[in-house]
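>>> sequence and predicted structure are below.
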Protein chains: 2
Amino acid sequence: MDSNQHIKSLIHHISQDVTLDEYAIDKLSSVLVIKELNKKEFLLEPGETANTMNFIAQGCMRSYYLDENAQEHTLQLGIEHWWINDLYSYLSRKKSRMYIQALEKTFLIQLPRIELEKLYIELPEISNFFRIKIQSAYVAVQERVIDSMSDDAYERYDTFRRSYRDIEQRVPQYIIASYLGVTPEFLSYLRKKHS
Amino acid sequence: MDSNQHIKSLIHHISQDVTLDEYAIDKLSSVLVIKELNKKEFLLEPGETANTMNFIAQGCMRSYYLDENAQEHTLQLGIEHWWINDLYSYLSRKKSRMYIQALEKTFLIQLPRIELEKLYIELPEISNFFRIKIQSAYVAVQERVIDSMSDDAYERYDTFRRSYRDIEQRVPQYIIASYLGVTPEFLSYLRKKHS
DNA sequence: TCCGCTTCTTAATATACCTTAAGTTTTTTC
DNA sequence: GAAAAAACTTAAGGTATATTAAGAAGCGGA
């Protein structure tokens, strides 16, 4: 797939929520940056500042951080047509504590923050689009808080598998464990117990 | 404090993030609804659908739900100048599973969804404002996910106290426990142990 | 095709947090 | 200001999940 195809898939993605006219599409296209990452390559590492919004045109990524015991905790997983970022760093302009890493060879479409801020003013539909996207993202994270408080680990695993079957099959178990908030050993034990 | 004061405080709150001209202020003011709630009164109960955005002009509120064992889990706490809602229900138009309850006598300013959708089109600064607000809310919930995965219960309690000292002093311990995801008994034990 | 690296499993021991139940203190109500 | 209700504490015993350590299985590169 070439760059134009990737860009078309982003335009199509945005058009599912808001209406873009010719002018908006041209404006938008002119600021997009394509980025290619190899498996295990990092888009962002602790100490850096997030400067772009990142749409996954093709591939698979995750964001995670290390706690004080150097344990990995996965915050976000994403595949084609998902967005991935450290919004804390992007919005606050502060250094990130997160790693954002490709789990497969991945093609991103990036929207630089400076350009995006200008687009928000000139093209209200773009501001609208991101408002709608982030509303859904907020609801999804809140759902995760609810799950983590109500359910035991196996139920969370089961919910995860049912919700993200296509992701589950592309990511190693230990990353899923670190997303669910359990050790790989305990997840392995749960899988055996329920099989 | 009378209604006009409450409305002024909302306008002032919005003006901290975006610029509102006379026309926008008039338009906005014309759709606002003031709602008064007594202590323990519910704004929303399971089975109802959220139809408004709710700004706390004065008072204290929380949202919570009951899990399958009828345990309360507090999702959101808020005081003056915070927003409170079940965004899942509001955005999806589906029935809520949540209670939203006043913890003190509270005055809300409500923005009906139908009117707000119209404002988004006519006044892009309003769409912008809610995009900015929800971005911050997303970061805050994500921070909560991070805390719940890295820290033990006492650290979470400590972080909560440092971040929300003004809230901590207005709500009972058992609600804070249900926000942190522990039993009131265990929180009591932790408080003693660390005192 | 084999080696080395990454991922997954097993099991024993340890710990954070829960459940239950009872008693105490604080707040609300009339 | 007394009675009732709500909130908080204490403690014993139980469960879910972590830790450690070792080995097995799968997989990518020469």
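Nice, I can see it. Numbers count the residues shown, from 1 in each chain, chains lettered A, B, ... in the order given.

>>> give the contact list for the residue nearest to the spatial centre of chain A.
Closest residue to the average C-alpha location of chain A: residue A:84 at 2.6 Å, with Cα atoms, centre = their mean. Contact analysis of residue A:84 by Cβ atoms under 8 Å, 6 or more residues apart in numbering or on different chains lists A:43, A:54, A:56, A:61, A:62, A:63, A:76, A:78, A:100. The way it works is simple: take the backbone N, C-alpha and C, and place the C-beta from them, glycine included.

>>> now do residue A:65
A:46, A:72, A:73, A:75, A:97, A:98, A:99, B:146 are the contacts of residue A:65 under Cβ under 8 Å, 6+ apart.

>>> make CSV out of those and add pLDDT.
Listed next are those as CSV, based on pLDDT from 0 to 100:
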residue, pLDDT
A:46, 95
A:72, 93
A:73, 96
A:75, 96
A:97, 95
A:98, 96
A:99, 96
B:146, 94
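
>>> which of those residues fall within strands?
Those of the contacts of residue A:65 mapping onto strands are A:72, A:73, A:75, A:99, per DSSP state E.

>>> closest one of these to chain B?
residue A:73 (4.7 Å; Cβ to the nearest Cβ).

>>> any idea what the closest one is bridged to?
Note on residue A:73: beta-bridge partners by DSSP bridges are residue A:65.

>>> check residue A:77 too.
Beta-bridge pairing for residue A:77 (DSSP bridges): residue A:62.

>>> quick one: it from residue A:169, how far?
12 Å (Cβ to Cβ, to the nearest Å).

>>> higher neighbour count, these two?
residue A:77 (22 against 8; other Cβ atoms under 10 Å in any protein chain shown).

>>> pLDDT wise, what is the residue nearest to residue A:75 when sequence neighbours are not counted at?
Among residues not flanking residue A:75 along the chain, residue A:63 sits closest, at 5.0 Å (Cβ to Cβ, 6 or more residues apart in numbering or on different chains). With respect to pLDDT, residue A:63 scores 96.

>>> and what of residue A:123?
For residue A:123, the model assigns a pLDDT of 94.

>>> any idea how far it lies from residue B:170?
43 Å.

>>> of the two, who's got more company?
Ranked by neighbour count (other Cβ under 10 Å), residue A:123 and residue B:170 place residue A:123 first, with 19 against 14.

>>> and for the more buried one, nearest residue in space, chain neighbours not counted?
Of all residues not flanking residue A:123 in the chain, residue A:24 sits nearest, at 5.1 Å (Cβ to Cβ, 6+ apart).

>>> count of neighbours near that neighbour?
By other Cβ under 10 Å, neighbour count at residue A:24 equals 20.

>>> list the contacts for it?
Contacts of residue A:24 by Cβ under 8 Å, 6+ apart are A:123, A:125, A:126.

>>> can you confirm the second one is in a strand?
Read that as residue A:125. No - secondary structure of residue A:125 (DSSP: H, G, I helix; E, B strand; the rest coil): helix, not part of a strand.

>>> what segments of chain A are helices?
A:3-15, A:22-29, A:87-92, A:113-122, A:124-150, A:153-163, A:165-168, A:173-180, A:184-193 (DSSP state H).

>>> now render those helices as JSON lines, adding distance to residue B:15.
JSON lines is the format used below for the helices of chain A (distance: least, Cβ to Cβ, whole Å):
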{"stretch": "helix A:3-15", "distance to residue B:15": "30"}
{"stretch": "helix A:22-29", "distance to residue B:15": "28"}
{"stretch": "helix A:87-92", "distance to residue B:15": "20"}
{"stretch": "helix A:113-122", "distance to residue B:15": "17"}
{"stretch": "helix A:124-150", "distance to residue B:15": "18"}
{"stretch": "helix A:153-163", "distance to residue B:15": "40"}
{"stretch": "helix A:165-168", "distance to residue B:15": "42"}
{"stretch": "helix A:173-180", "distance to residue B:15": "40"}
{"stretch": "helix A:184-193", "distance to residue B:15": "49"}
